[in-house]
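Trainee: Provided below are the primary sequence and the corresponding predicted coordinates.
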Amino acid sequence: MESEHVNGLPLWLKFLNQTSKIVTTLTAIALLYTRSAGVAYFVTGAVLCAGLAKAIKRAIRQDRPPQQSGRKVTYGMPSSHASACTFFASYITFACIQLPIHPTLPRSAVLTPMVVLPWTCMIVLSRVWLGHHTWPQVAAGSALGACCASFWFIRWDSCLGG
């Protein structure tokens with residue numbers, strides 16, 4: 001159906017292509033709403049993970065899949081979207097399993113992984129479907145995000161606040 005497509009993409013894929021803006025906005029809202037040191041620590045870890053992915057990307061210098069003309073040439077290994085989203089999903093899941101719910105949040109917040117995990121899978125898959133990355137690039141980004149989240153959560157849980 002024509003109304004379901006924007007610029008040749010289905011609306012759901014167009015939505016997934018905007019995840020940086022959506023996730024950044026939701027994260028800022030969570031940080032401002034809870035005013036929690038734990039949420040600030042989580043956000044810091046996500047930013048550091050994304051920065052590490054970008055640094056690795058510059059070191060490896062592996063091309064992205066062939067792109068349409070007019071797009072800026074950047075490197076694709078590992079996918080920084082995949083690393084950041086997987087960091088979010090992994091860390092949030094660890095926190096929901098291991099830590100008490102923040103007092104400003106409803107008890108149902110423990111169910112957040114039921115939304116975050118499938119959404120992350122769709123975002124990671126969409127990076128390939130949209131032609132931004134190859135399967136190995138999103139796999140490497142996802143592995144990096146999961147490793148960073150594990151390290152960052154263990155550090156919080158054992159040393160800082162947990």
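Mentor: On my side now, so go ahead. Numbers count the residues shown, from 1 in each chain.
Trainee: So for stretch 92-112, what gets flagged as buried?
Mentor: Residues Ile92, Thr93, Phe94, Ala95, Cys96, His102, Thr112 are the ones in stretch 92-112 that count as buried (16 or more other CB atoms under 10 Å). Every C-beta, even on glycine, is put in place using the N, C-alpha and C of the backbone.
Trainee: Take those residues and lay them out in TSV including pLDDT.
Mentor: Output for the buried residues of stretch 92-112, formatted as TSV (pLDDT from 0 to 100):
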residue	pLDDT
Ile92	87
Thr93	91
Phe94	90
Ala95	84
Cys96	84
His102	70
Thr112	78
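Trainee: Which members of those occur in strands, if any?
Mentor: Judged by DSSP state E, strands contain none of these.
Trainee: Next, give me the two most distant ones among the residues you listed.
Mentor: With CB to CB as the measure, no two of the buried residues of stretch 92-112 lie farther apart than Thr93 and His102, at 15.5 Å.
Trainee: Average pLDDT for the lengthiest helix in the chain, rounded please.
Mentor: Under DSSP state H, the helix in the chain containing the largest number of residues is helix 37-60. For helix 37-60, the mean per-residue pLDDT is 86.
Trainee: what sits up against that helix?
Mentor: For helix 37-60, contacts defined as CB atoms under 8 Å, 6 or more residues apart in numbering pick out 27, 30-31, 74-80, 83-84, 87-88, 91, 95, 99, 102, 141, 144-145, 148-149, 152, 156, 160-161.
Trainee: Now the spatially most central residue of the chain: which helix or strand?
Mentor: What sits nearest the mean C-alpha location of the chain, by CA atoms, centre = their mean, is Cys85, with 1.3 Å. In the assignment (DSSP states H and E), Cys85 maps to helix 80-98.
Trainee: ok, the residue nearest to the centre of the chain touching Leu26?
Mentor: No - Cys85 is not in contact with Leu26 according to CB atoms under 8 Å; the separation is 12.0 Å.
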